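Engineer: kindly return the folded structure for what I paste below:
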Amino acid sequence: MIKSTTILGVRKDGKIAIGGDGQVTLDKTVLKHSAQKIRTLYNGKVLAGFAGSVADAITLFEKFEQYIDKDRGDLKRAAIDLTKEWRQDKILRRLEAMLIVMDKEHSLIISGTGDVIEPDDGVISIGSGSPYAFAAARAMMKFSNLNAEEIVKESMKIVADICIYTNDHIVIKTI
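Structural biologist: The predicted structure is shown next:
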């Protein structure tokens with residue numbers, strides 16, 4: 001498991017939201033509080049977030065962006081193409097990061113071990129605070145009337161109180 005951050009995505013009522021904290025750590029030291037780990041891609045139609053090494057994740061964002069453009073916005077095809085290259089390339093294989101990518105239809109976790117996973121229920125998370133974020137968001141989906149953005153915000157607040165690798169400098173993007 002990547003111990004570095006929390007990224008949470010929620011799909012509800014035709015809207016998607018993805019949020020991430022801003023903390024960057026090196027071993028047991030916090031180096032930065034306000035990193036941007038969420039991006040909007042493909043003319044505002046795709047949201048992406050990362051957990052793991054910052055330099056590695058930026059490399060993967062750039063690769064994914066090339067594939068999403070080449071595949072004309074086909075999120076699943078771009079994710080599979082990225083995963084294939086990631087696993088086969090000697091340099092990319094060493095990257096230590098994970099991505100969440102979302103559009104109006106799909107939410108995917110992409111990893112360097114070849115995983116392209118789509119959850120069943122509209123909640124997706126990665127990073128060290130992932131189990132907390134996942135549980136909080138699922139509960140809010142079931143027992144509240146909050147929208148996708150509100151669920152991400154409140155879930156991330158809960159995670160920031162629990163996970164030492166997650167802070168409360170939360171960035172949320174929506175479509």
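Engineer: alpha carbons only for contacts and neighbour counts from here, please
Structural biologist: OK.
Engineer: sketch out the helices for the protein, chain order is fine.
Structural biologist: Under the criterion DSSP state H, helices of the chain are mapped to 54-70, 75-88, 130-143, 148-162.
Engineer: look at Ile91 and say how many residues are nearby.
Structural biologist: 9 (other Cα atoms under 10 Å).
Engineer: likewise for Glu62?
Structural biologist: Around Glu62 there are 12 residues (other Cα under 10 Å).
Engineer: hmm, which helix or strand of the protein has the shakiest average pLDDT?
Structural biologist: Sorting the helices and strands of the chain by mean pLDDT, DSSP states H and E puts strand 24-26 at the bottom, at a mean of 84.
Engineer: sheet partners, orientation included, of that one?
Structural biologist: On the basis of DSSP bridges, the sheet neighbours of strand 24-26 come out as strand 29-32 (antiparallel).
Engineer: where does the residue located most distally from the centre of the chain land on pLDDT?
Structural biologist: The C-alpha centroid of the chain is most remote from Lys90, which lies 24.2 Å away (Cα atoms, centre = their mean). In this prediction, Lys90 carries a pLDDT score of 75.
Engineer: over to Lys104?
Structural biologist: Lys104 is given a pLDDT of 93.
Engineer: surely it touches Lys12?
Structural biologist: No: here Lys104 lies out of contact with Lys12, judged by Cα atoms under 8 Å, at a distance of 10.1 Å.
Engineer: roughly how far apart are Ala35 and Ala97?
Structural biologist: From Ala35 across to Ala97, the span is 15 Å (Cα to Cα, to the nearest Å).
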